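J.: here you go, sequence then predicted model.
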Amino acid sequence: MPTTHPVLSFQASGDTVWLWDPDPARGRDTSRHALRLRAEDMQLVAATGRHCAARATPRT
């Protein structure tokens, strides 16, 4: 789960949330950029402004 840069989130489906990580370090295979997480294991924070300092953070 990325914690140092923003990711895109998509509408939750049941207890699953899909994220897209645009980080080029994930390689050319775009299937490696998709992340599926349980909604109960994370907290989404909306980005504000021109630069995103907020991010999805795992719950502890």
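T.: Received the coordinates, thanks.

J.: touching, residue 7 and residue 17? I think so.
T.: No - here residue 7 lies out of contact with residue 17, judged by Cβ atoms under 8 Å, at a distance of 10.5 Å. C-beta: built from backbone N, CA, C; applies to glycine.

J.: give the full set of residues in contact with residue 37.
T.: With contacts defined as Cβ atoms under 8 Å, 6 or more residues apart in numbering, residue 37 is in contact with 1, 16, 17, 19.

J.: where's the dip in pLDDT among these?
T.: Taking the contacts of residue 37 together, the minimum pLDDT is found at residue 1 (70).

J.: what sits against residue 38?
T.: For residue 38, the residues meeting the contact criterion (Cβ under 8 Å, 6+ apart) are 15, 16, 17.

J.: scan those and report the most crowded one.
T.: Neighbours were tallied for each of the contacts of residue 38 (criterion: other Cβ atoms under 10 Å), and the maximum of 20 neighbours falls on residue 17.

J.: which strand residues bridge that residue?
T.: Using DSSP bridges, the beta-bridge partners of residue 17 come out as residue 37.

J.: what's the burial count for residue 26?
T.: Using other Cβ under 10 Å as the criterion, the residues surrounding residue 26 number 15.

J.: if I look at it, how far off is residue 6?
T.: Distance, residue 26 to residue 6, by Cβ to Cβ, to the nearest Å: 14 Å.

J.: ok, residue 46 next?
T.: Noted for residue 46: a distance of 10 Å to residue 6, by Cβ to Cβ.

J.: okay, these two: which has more neighbours?
T.: residue 6 (17 against 7).

J.: element containing the more buried one, please.
T.: Counting by DSSP states H and E, no helix or strand carries residue 6.

J.: how far away is it from residue 15?
T.: Residue 6 sits at a distance of 23 Å from residue 15 (criterion: Cβ to Cβ).

J.: need the contacts of residue 37 in JSON lines with distance to residue 42, can you?
T.: As requested, the contacts of residue 37 are exported to JSON lines (distance: Cβ to Cβ, whole Å):
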{"residue": "1", "distance to residue 42": "7"}
{"residue": "16", "distance to residue 42": "11"}
{"residue": "17", "distance to residue 42": "7"}
{"residue": "19", "distance to residue 42": "9"}
